[in-house]
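Undergrad: Sequence plus predicted model, see below.
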Amino acid sequence: MLTLTAISRSFGDHRVLHDVTFDVRPGRMTGFLGANGSGKTTTMRIVLGVLAPHGGEVAWNGRPLTAGTRPSFGYMPEERGLYPKMAVADQLSWLGRLHGLDRPTARANTERLLDRLDLAERAGDQLEALSLGNQQRVQIAAALVHDPEVLVLDEPFSGLDPIAVEVVLGVLRERAAAGVPVLFSSHQLALVEQLCDDVVIISGGRVTASGTREELRERYGAKRHELVVSSDAGWVRDLPGVRVVELDGPRAVFELDAGGDDQAVLRAALERGAVRAFSPVVPTLDEIFKEAM
Ligand SMILES: Nc1ncnc2c1ncn2[C@@H]1O[C@H](COP(=O)(O)OP(=O)(O)OP(=O)(O)O)[C@@H](O)[C@H]1O
């Protein structure tokens with residue numbers, strides 16, 4: 001397991017990370033969400049040891065990361081750094097060799113990945129001759145070619161069409177299933193909602209929510225309910241401990257204060273007439289994200 005504990009970092013006087021704490025568990029896809037400038041890339045660079053934290057610690061399987069204990073990382077940086085003029089397969093094999101693979105293994109891994117990412121026919125082409133989406137697939141292959149123990153990917157799905165997303169997702173899921181912790185940042189909330197096991201939300205350099213996808217939904221969803229009655233539901237506004245967030249004729253969506261009783265609201269509704277619907281509202285990740293910002 002990769003553990004970040006109380007990571008802080010400043011650039012000059014500007015504190016960009018404040019006590020960032022979360023785990024990336026083996027075998028799980030962890031989505032790292034945050035608005036532009038919230039600190040995702042800085043955090044990922046600290047995990048990789050490219051940037052030093054000013055406080056806190058990154059640990060791998062309980063041991064602080066040092067040059068000696070650092071696992072092999074597969075990193076897909078935000079600034080995609082491959083060589084435009086080099087042939088795709090040569091470039092990947094060369095990267096594999098840089099990470100210590102012998103030549104046959106580097107070649108075999110390259111072939112397998114290109115095949116898996118539907119790029120086998122482009123193996124001999126220069127990178128720059130590929131479409132941007134296909135270049136992105138090569139970047140993903142570059143992060144995977146040396147069979148890393150940990151995967152850290154900055155926006156791996158941006159710029160991919162839905163078919164490519166499925167292909168890349170399949171490859172990442174395989175790695176996760178083999179026990180590799182996978183941390184990836186994304187702005188595409190619907191995508192993260194569909195594919196990640198765990199979610200970490202960062203805002204202004206602080207982790208504002210983290211947990212399994214289901215935990216977050218429950219935590220944020222428990223408070224919110226929808227009520228549909230047969231006449232105007234405006235009276236809900238006057239109930240104690242209730243905050244109406246949406247009101248549209250007979251339909252009200254409301255939140256309960258801590259200790260609020262949803263059943264009391266239901267009883268109050270039944271006293272007034274028929275109740276057409278009453279249920280907790282399961283928020284989308286998009287709603288959780290906005291609330292956790
Ligand atoms: N090398 C640097 N020097 C000065 N400030 C920096 C540096 N790197 C990052 N920052 C600042 O740190 C803050 C966090 O940036 P970071 O790139 O980590 O955010 P991000 O969440 O990855 O954003 P995006 O989604 O736009 O990629 C920003 O205010 C950024 O301007």
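TA: Perfect, I can see it now. Residues are numbered from 1 along each chain as shown.
Undergrad: In contact with the residue most central in space within the chain, which residues?
TA: The centroid of the chain falls nearest to residue 31 when counting by CA atoms, centre = their mean (1.4 Å). Residues near residue 31 by CB atoms under 8 Å, 6 or more residues apart in numbering: 184-186, 192, 195-196, 198-200. (C-beta placed from N, C-alpha, C; glycine too.)
Undergrad: Of these, which belong to strands?
TA: Here DSSP state E is the test, and the contacts of residue 31 give 184-186, 198-200 as lying in strands.
Undergrad: Relative to residue 139, how far out is residue 179?
TA: 23 Å (CB to CB, to the nearest Å).
Undergrad: Neighbour count for the two, which is higher?
TA: Shown here are residue 179 and residue 139; by other CB atoms under 10 Å, residue 139 has more neighbours (20 against 11).
Undergrad: For stretch 60-74, give me every contacting residue.
TA: Contacts of stretch 60-74 (CB under 8 Å, 6+ apart): 1-3, 47-49, 57-59, 99, 143-144, 146-153.
Undergrad: quick one: the host helix or strand of the residue nearest to the centre of the chain to chain centroid distance?
TA: Residue 31 is part of strand 29-34, with elements assigned from DSSP states H and E. Strand 29-34 sits 2 Å away from the centroid of its parent chain (CA atoms, centre = their mean, to the nearest Å).
Undergrad: can you check stretch 205-220 too?
TA: 11 Å.
Undergrad: Identify each buried residue in it, please.
TA: 205, 207-210, 213, 216-217, 220 (16 or more other CB atoms under 10 Å).
Undergrad: so what's the residue nearest to residue 40 when sequence neighbours are not counted bridging to?
TA: Nearest non-adjacent residue to residue 40, counting by CB to CB, 6 or more residues apart in numbering: residue 185, 4.4 Å away. In this entry, residue 185 is beta-bridged to residue 32, residue 154, by DSSP bridges.
Undergrad: ok, now residue 9?
TA: residue 17.
Undergrad: neighbours around it, how many?
TA: For residue 9, using other CB under 10 Å, the count is 22.
Undergrad: Looks like it contacts residue 47 (just checking).
TA: No. Between residue 9 and residue 47 there is no contact under CB atoms under 8 Å: 11.7 Å.
Undergrad: returning to that earlier point: the contacts of residue 31: which two are farthest apart?
TA: 195 and 200 (14.5 Å; CB to CB).
Undergrad: Number of residues surrounding the closest residue to residue 28 other than its chain neighbours?
TA: Spatial nearest neighbour of residue 28, chain neighbours left out: residue 197 (4.2 Å); criterion: CB to CB, 6+ apart. By other CB under 10 Å, the residues close to residue 197 number 16.
Undergrad: Please apply the same query to residue 259.
TA: By other CB under 10 Å, neighbour count at residue 259 equals 6.
Undergrad: helix or strand for it, which one?
TA: Counting by DSSP H and E, residue 259 is part of no helix or strand.
Undergrad: That one touches residue 223, doesn't it?
TA: No. At 11.1 Å, residue 259 does not count as touching residue 223 under the criterion of CB under 8 Å.
Undergrad: can you list the residues that contact the longest helix along the chain?
TA: Taking DSSP state H as the criterion, the chain has its longest helix at helix 162-177. Outside helix 162-177, the residues that touch it by CB under 8 Å, 6+ apart are 27-29, 113, 116-118, 133, 136-137, 140, 144, 151, 153, 156-157, 160, 182, 184, 191, 195, 197.
Undergrad: Show me how to select, in PyMOL, the buried members of these.
TA: Here is the PyMOL command that selects only those of the contacts of helix 162-177 that count as buried (16+ other CB under 10 Å):
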select buried, resi 28+29+113+116+117+136+137+140+144+151+153+156+157+160+182+184+191+195+197
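Undergrad: interface residues of the stretch 1-150 of the chain facing the ligand?
TA: Residues of the stretch 1-150 of the chain lying close to the ligand (CB under 6 Å from any ligand atom) are 11, 16, 34, 36-42, 78.
Undergrad: I'd like those laid out as CSV, including secondary structure.
TA: Shown next, in CSV, are those (DSSP: H, G, I helix; E, B strand; the rest coil):
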residue, secondary structure
11, strand
16, strand
34, strand
36, coil
37, coil
38, coil
39, coil
40, helix
41, helix
42, helix
78, coil
